[in-house]
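S.K.: Everything below, folded, please.
(2 chains)
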Amino acid sequence: MSPEQLLSYIPLIPAAGALVIPFFASRPNARETVTLATAGLLFLAILSLLSQFMAGARPEVTLWQVTPILSISFRLEPLGMLFACVASTLWIVNSVYSIGYMRGHDEPRQTPFYVCFAVALAATMALAFAANLFTMFIFYELLTLSTFPLVSHSRTPEAMRGARVYLIMLVGSSLLLFFPAILLTYGLAGTLEFTQGGILAGKTEGAVMGILLGLYAFGIGKAGLMPGHFWLPAAMVAPTPVSALLHAVAVVKAGVFCILKVVVYVFGIDTLHQSGQGEWLIYAASFTIIAASLVAMMQDNLKKRLAYSTVSQLSYIILAAALATSASILGGGLQIAMHAAGKITLFFCAGAIYVMAHKTEISDMTGLGRKMPWTFAAFLVGALSIIGLPPLGGAWAKWWIAMGAIDSGHAMILGVLIVSSLLNVVYLLPIPFKAFFLPAPRLQSVGAAGVELPDGLERKYWMVVVPPCLTAALCVVLFFQVDRILALLAPIVSQ
Amino acid sequence: MSAAPGFELGHHLPALQVVVPLIGAVICAMLRNGTLAWGWALIVSVLTAAISTMLFVAVQAGGTISYGLGGWAPPYGIEYRVDLLSAFILLIVSWAGAIIMVYARQSVMHEIDAGKRAWYYCMYLLCLTGLLGIAITGDAFNAFVFMEVSSLSMYTLIAMGKNRRALLSSYQYLIMGTIGATFYVIGVGILFTLTGSLNFVDIAERLVTMQMERPAIAAITFLTVGISLKLALFPLHSWLPNAYAYAPSVTTSFLAGTATKVAIYLLMRIFFSTFGEAKVFEILPTTTILVLLSVSAMIGASLVAVFQDDVKRVLAYSSVAQVGYITLGIALANDLGLTSALVHIFNHALMKTALFLAVGAVFLRIGSVRLHDLDGIGPKMPVTMAAFALAGFALIGTPGTAGFVSKYYLAAAVIDKGWWGLVFVIAASSLIAVFYVGRLLEAIWFRAPGALAQKASDPPLSMLLPIVGLSLAVIWFGVDTRLTVDVAHNIATMLLGGVK
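M.R.: Numbers count the residues shown, from 1 in each chain, chains lettered A, B, ... in the order given. Got it, this is the predicted structure:
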């Protein structure tokens, strides 16, 4: 197929999957086969697109000219290609994991769950390919709406509260800030198309650009810049596969992806860098990196701790965008992929622990490592990647962002990066260490009344154990294959 | 058909537009059987819709049609004048009338006493006649007559609700509506004294040569306030929530889709075709007043909607808010503003009718529209409630639905004027809409079904089809904006270039 055709059909693959899944509602095995087949097909299509992209294809399609100014258009560029690759690869792993989790846990309403998941992926793909701000905005909203039923999946009052916070904060920020930002951009630049080198060069001066950057940075609430981050911990009421793929990969990465794209293709790296208007965002992002890590340390609920860790890690990408140098933008792009692989591993492990041992609090996990060695080993690898130690993928992202900080003359940012890594060590590593090296408490806490966990849990629930091991392995692979990702991203920064 | 020589039916479409439903109403009253009356009313309303479509096509192809009623040449006789604006409104009103009529049979059987059903359809057709009359006539006093025809029959349509509070709300509406009509006719009287004419075009021509003196200012004030009552401009909207909430479902849908829209049409006619925007917006502080009131409606009424427990009241307050969007577009008095107002007249008619029809289907099944009783009803009547959700998304202004198109143009119009603050007002109002629509959808789709909701199911096909059709149209007109935006843009150009 020509790259143009691929580009326009790819978002339709998960959408078609979403249409087919309900027909197999009464036959779970067939239904899950549809999900897996859709995920596989999507992955193959993305691979095929990737090979054509690396050969130099830059397809562009306009699907629908809404008004003379607005159009739904797709255009393939490096960031979108990378984001699509990450999301589609992890969807396959996640689908296997979802099946294990949803069945292992006897969740109700599984059919709508898989349908909404597929719709969310369709929105993610379309978002990755967006050729202009209008297209981006539409699929950004669709992603929010399609994930609402997933977050509120359990329908308990607590879940509904969390889901309401999720919806209102994301829709609210996008309506009140993101949407006006798009209009303002149009007012200034007279176009909404993403263009290499930006569309605002020479169109505006000083403060207006700073304000516009603020509207985008806070309006794209999915990026979780403090103080607009509350929705992410609230969304942890979702089943773990949702937290894993959506709140470590698709949704949050959609946020930072949008910010990167806006900085690169709307502001233009050079324009933003020379104007100096990104300065405040450097500090806002640095604050979020440190503050969210500190909050994470205080969380005993594992998923909440991971959520705050995500908030912190996302701001690395916002920081990279604000620094606006070639190296930092590459680092931001790398972080999208590296953090996705690392964090999804951690979430998978959290869900696996929940399915096998019904534990959600970190303090209850002491000594569990001997019963579930693979799970905690995967957790350790994922944690090390988040911290940024070689030979794991996360190391490269931090390296390039640090290079960017030096290039732009913000050496003190190195301090932020170091402190943050130390904080990561403090709040992530004790979890696997305590699980492996401390004995299980003899007197169990009241809630977890002294039931001894049986052996062979990981064999029984292999569907939730294999996926984190795979993604942990991916973290290692990414370290050694980083040059390929850099080759993919290089065209963004070469003029 | 044997026609008299020289008589061609096509030439008389403007007269037929009003005469067909009028005679239809009379015949309807003579059919004592409810089902028979429904069948007849359906034929008449579809025929009316067909006529309006033909008129629309004719006007688009050949420009404004002027029709001297009874052979009296305007401005001495009553002129029916179909320009693109009239044709557009006629199209909306008559199609809303026809689509709701398809739906009406089952709902009316459920909600109206057997002996009154034929009367109900008679009143429905009369109301349709009045509304179409307002939109088609070129004569200010004739518009008043039609306004009374539509209003009186609308009061009856509301009062026929089984809920006894329907009587009271109908009475409230009658008082307010009569005050509105009186203000309007006083305004027309002053204009007549001033210019010696009742024909909109003729008045406009005569006003051009005159200074904007006090009588003219008084006239426009009376006309504006009178019509604002009819279109439920905040804070003159107090009649609307009760009327919407306690009227029979069919009445509510018809009222929401057509009555306020026709009043807005009349306001545009007075502002732009009769006085001209130069006079209305430059000599008087109309812009300031209208913008302030529209903004209050968009924010205030939306906030009130969040706290209603009756689904019909939520939608009613939302209507007040949505009228604010339209009047804001009018107040901007620029090309984009008028385009957005006209597009929103169309889109809002579409989505609000769909929403009220869906609520009517709920009432048919469970006999209640209290939010609490709708808990978990979504999976029980999936098609209806999916349509409800689509139309609800449009109300918020979700991209890909018709609601987004109107809001986008309104935002563009505001920016065109350089009033950035209003962009945030529009966004904030949409955000409040997320709250009130979200509350409904959460109850409907995400709660455990209550006792009443357990026994619900999708309504019969004759009710389901209009609901589904309209909600698909909401998507269609969010995707294909050729009909709405292009026509609205042409009308806006015409109105702004109207009076020199």
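S.K.: Does A:Thr204 lie in a helix or a strand, and which?
M.R.: Using DSSP states H and E, A:Thr204 sits in no helix or strand.
S.K.: List the contacts of it.
M.R.: If you count contacts by Cβ atoms under 8 Å, 6 or more residues apart in numbering or on different chains, A:Thr204 has them with A:Leu188, A:Leu212. Backbone N, C-alpha and C define where each C-beta goes, glycine included.
S.K.: For chain B, see how far away it is.
M.R.: 14 Å (Cβ to the nearest Cβ, to the nearest Å).
S.K.: Could you check how far the residue in the stretch 101-250 of chain A that chain B sits nearest to is from A:Ser8?
M.R.: Closest to chain B within the stretch 101-250 of chain A is A:Ile138: 4.0 Å, counting by Cβ to the nearest Cβ. Going from A:Ile138 to A:Ser8 by Cβ to Cβ, to the nearest Å gives 15 Å.
S.K.: dump the residue contacts of the residue most central in space within chain A.
M.R.: Nearest to the geometric centre of chain A sits A:Val249, at 2.5 Å (Cα atoms, centre = their mean). Applying Cβ under 8 Å, 6+ apart, we find A:Val249 in contact with A:Val86, A:Ala87, A:Leu90, A:Asn94, A:Ala340, A:Lys343, A:Ile344.
S.K.: do that again at 7 Å, thanks
M.R.: A:Val249 makes contact with A:Val86, A:Ala87, A:Leu90, A:Ala340, A:Ile344 under the criterion Cβ atoms under 7 Å, 6 or more residues apart in numbering or on different chains.
S.K.: for B:Tyr80, same thing?
M.R.: For B:Tyr80, the contact set (Cβ under 7 Å, 6+ apart) comprises B:Pro14, B:Ala15, B:Tyr67, B:Leu69, B:Ile136, B:Thr137, B:Gly138.
S.K.: Near B:Lys455, how many other residues are there?
M.R.: In terms of burial, B:Lys455 registers 10 neighbours under the definition other Cβ atoms under 10 Å in any protein chain shown.
S.K.: How about the contacts made by it?
M.R.: With Cβ under 7 Å, 6+ apart, B:Lys455 has no contacts at all.
S.K.: Which part of chain B gets nearest to chain A, residue-wise?
M.R.: For chain B, Cβ to the nearest Cβ, closest residue to chain A: B:Pro399, 4.0 Å.
S.K.: Now do the contacts for that residue.
M.R.: With contacts taken as Cβ under 7 Å, 6+ apart, B:Pro399 has the following neighbours: A:Phe137, A:Ile138, A:Glu141.
S.K.: how about 6 Å then?
M.R.: For B:Pro399, the contact set (Cβ atoms under 6 Å, 6 or more residues apart in numbering or on different chains) comprises A:Ile138, A:Glu141.
S.K.: In space, what's closest to residue 179 - neighbours in sequence excluded?
M.R.: Looking at chain A here, since you left the chain open. Distances taken as Cβ to Cβ, 6 or more residues apart in numbering or on different chains place B:Ala427 nearest to A:Phe179, at 5.6 Å, with adjacent residues excluded.
S.K.: sorry, should have said chain B
M.R.: B:Leu229 (6.2 Å).
S.K.: now do B:Arg81
M.R.: Closest residue to B:Arg81 apart from its sequence neighbours, by Cβ to Cβ, 6+ apart: B:Gly138 at 3.3 Å.
S.K.: Would you enumerate the residues in contact with that neighbour?
M.R.: Contacts of B:Gly138 (Cβ under 6 Å, 6+ apart): B:Glu79, B:Arg81, B:Asn199, B:Phe200.
S.K.: circling back to that earlier point, least confident pick among the contacts of B:Tyr80?
M.R.: In terms of pLDDT, the lowest of those is B:Leu69, showing 80.
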